[in-house]
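Asker: Okay, structure incoming, though there's no sequence with it:
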C-alpha cells in the first residue's frame, strides 16, 4: 500500500527518458520503474493485480487522451516477469457516462487495450460490477468502487500526464476517480461542487484505494485544455513511484503548475501527506529530462493571478460576489456540436439540454465541473473566459 508521509522512501519519484512508444524502449523504462519500487518485490504467482489506466473515453492512442497501450503492455510484461499469472492481471477503468459492457468493449478496442490484453493473456474487465468500501475520510465515509479495485491485492495506477480545466493538471491521484463507477461520478460533483472541496474528496479516495505503484505515461502528454480537448505534447518521459501525490508534484514541476493551485494537492498538503513542491532531490533517474518546460501550455481556465487581483481597483470589492458569473465556464460551439447528448448524460447539475440537434447549457445550473468539456467527442465545448481575464 502507498506509504505514509513525505519522509518515506517511497516519496522518491523515478523519471526515465522515453522518446517514443517503440515497445522495447517503453519496456525498458517501465521495467526501471518496477525495479525502483520496493513494493514490486511483493508480486508473485499469488498476486491478483489491477492495472488502472486512464481510459477517459473512446479515443485512439495518438490523441494523447488515454494511457498508451504500449505502457499497459509493458506493465503486464513486468508483472509476468515477476511470476504473476496473466489470468490474474486485470485492466479496468470506468470512464464518464454509462458504464456498460458494450461501452467498455468499444473503449478497449479504440484505445488499443483490447489487443494488448488478447496478446498477453490479461483480462480487459467487462462485467461492470461495483461494491462499497468503507473509509474514515474527511469528506466521504464510503466509496462505491468498481469490483476489480475491491478484489485486487496489488493496484498499479497507470495515469496519463495531462492538463485539466477543472484541477489544472491530472495524473496519479485524479486517475483514481475512474474507479468510481459510471454516472456515480456525477453524484460526487454535485456533492462537492467547489474545487477545493472536490479536491479534499479526491484525497479521501486516494487514501481509500492506496495504489501500490504508479507508472505514469508522459511519453506524449497533453497540454492546453485537457483532459480531452488539449493538444499532444512530446514530453518523452515515463514517471513512477509509490506515492501518488509526489508523482503529481513532479508533474506540476514539469508543467509549471503551482501545486497549491491543484485542489487535491493543496488538500494533501493540508493533511501533511506531501511536501509543498517537488524539489530536484525528490527525483531519481533522468533528472534533466524531468526539467520544467517553459513552453508548456496550461489550461485556459487557469489564471496567473486571482480575479480580485486582476479586476480594476474601483470594482475589485464586488468581485468575490460576482465570481460565479465571471469565472471560466463551459460554452457550446454550436457549429461543431453534433447533438449526440453525451454532455447532457454526464452533467451532474442537469444543466444541459439538446434541442434541435444542438446542446445548450443553462448557466444558472452549471457548477463548472467541466465534465461536458471532458466528455465531448467532437471538441464542441470550449472553456469560455470573461473578457477581462483573457490574455
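Answerer: Perfect, I can see it now. Being a predicted model, the structure only gives us computed values, none of them experimental.
Asker: From here on, just use CA atoms for contacts and neighbour counts.
Answerer: OK.
Asker: Measure how far stretch 177-190 is from the centre of its chain, please.
Answerer: Here stretch 177-190 is found 13 Å from its chain centre; the criterion is CA atoms, centre = their mean, to the nearest Å.
Asker: mind listing what's buried in that stretch?
Answerer: With burial defined by 16 or more other CA atoms under 10 Å, the residues of stretch 177-190 counted as buried are 177-186, 188-190.
Asker: burial count for the spatially closest residue to residue 195 that is not a sequence neighbour?
Answerer: Leaving aside its chain neighbours, residue 195 sits nearest to residue 263 (6.0 Å; criterion: CA to CA, 6 or more residues apart in numbering). Using other CA atoms under 10 Å, residue 263 is surrounded by 24 other residues.
Asker: ok, now residue 270?
Answerer: 14.
Asker: Backbone dihedrals for it, please?
Answerer: For residue 270, the backbone dihedrals (degrees, to the nearest 10) come out as phi -60, psi -30.
Asker: ok, it to residue 142 distance?
Answerer: 21 Å (CA to CA, to the nearest Å).
Asker: now swap in residue 190 and tell me
Answerer: Residue 190 is 16 Å from residue 142, by CA to CA.
Asker: pLDDT averaged over stretch 84-96 - what is it?
Answerer: Averaging pLDDT along stretch 84-96 yields 96.
Asker: Check which helices and strands the helix or strand where residue 284 lies is in contact with.
Answerer: Residue 284 belongs to strand 283-285 when assigned by DSSP states H and E. Applying 3 or more CA pairs under 8 Å, 6 or more residues apart in numbering; DSSP states H and E, one finds that strand 283-285 makes contact with strand 13-17.
Asker: And the next helix or strand past the strand it packs on?
Answerer: helix 23-36.
Asker: tell me the contacts of the nearest residue to residue 112 once chain neighbours are set aside?
Answerer: Once flanking residues are discounted, residue 112 sits nearest to residue 69: 5.5 Å by CA to CA, 6+ apart. Applying CA atoms under 8 Å, 6 or more residues apart in numbering, we find residue 69 in contact with 61, 111, 112, 113, 116.
Asker: so where do the helices sit in the stretch 1-150 of the chain?
Answerer: 23-36, 69-81, 101-111, 113-120, 147-151 (DSSP state H, counting those that start in this stretch).
Asker: JSON lines for these, including distance to residue 241?
Answerer: Below are those laid out as JSON lines (distance: least, CA to CA, whole Å):
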{"stretch": "helix 23-36", "distance to residue 241": "7"}
{"stretch": "helix 69-81", "distance to residue 241": "13"}
{"stretch": "helix 101-111", "distance to residue 241": "25"}
{"stretch": "helix 113-120", "distance to residue 241": "23"}
{"stretch": "helix 147-151", "distance to residue 241": "19"}
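Asker: I'd like those laid out as CSV, including distance to residue 227 and mean pLDDT.
Answerer: CSV is the format used below for the helices of the stretch 1-150 of the chain (distance: least, CA to CA, whole Å; pLDDT from 0 to 100):
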stretch, distance to residue 227, mean pLDDT
helix 23-36, 23, 98
helix 69-81, 18, 99
helix 101-111, 15, 97
helix 113-120, 19, 98
helix 147-151, 23, 98
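Asker: Can you check which of those helices gets nearest to residue 301?
Answerer: Closest approach to residue 301 among the helices of the stretch 1-150 of the chain is made by helix 101-111 (27.4 Å; CA to CA).
Asker: how many degrees apart are the closest one and helix 69-81 in direction?
Answerer: Counting by axes from the mean of the first three to the mean of the last three CA atoms, to 10 degrees, helix 101-111 lies at 100 degrees to helix 69-81.
Asker: Mind giving me the packing neighbours of helix 101-111?
Answerer: Using 3+ CA pairs under 8 Å, 6+ apart as the test, helix 101-111 ends up in contact with helix 113-120.
Asker: ok, and what's touching the helix it packs on?
Answerer: Under CA under 8 Å, 6+ apart, the answer for helix 113-120 is 69, 72, 73, 76, 77, 86, 91, 105, 108, 109, 123, 124.
Asker: As a markdown table, these with distance to residue 332 would be great.
Answerer: Below are those laid out as a markdown table (distance: CA to CA, whole Å):
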| residue | distance to residue 332 |
| --- | --- |
| 69 | 31 |
| 72 | 34 |
| 73 | 37 |
| 76 | 40 |
| 77 | 43 |
| 86 | 44 |
| 91 | 34 |
| 105 | 29 |
| 108 | 28 |
| 109 | 29 |
| 123 | 38 |
| 124 | 34 |
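Asker: which one of those is nearest residue 149?
Answerer: The nearest one, if we look at these relative to residue 149 and count by CA to CA, is residue 91, at 10.4 Å.
Asker: gap between that closest one and residue 252?
Answerer: 27 Å.
Asker: Just give me the closest of the buried residues of stretch 177-190 to residue 329.
Answerer: Nearest member of the buried residues of stretch 177-190 to residue 329, counting by CA to CA, is residue 189, at 15.0 Å.
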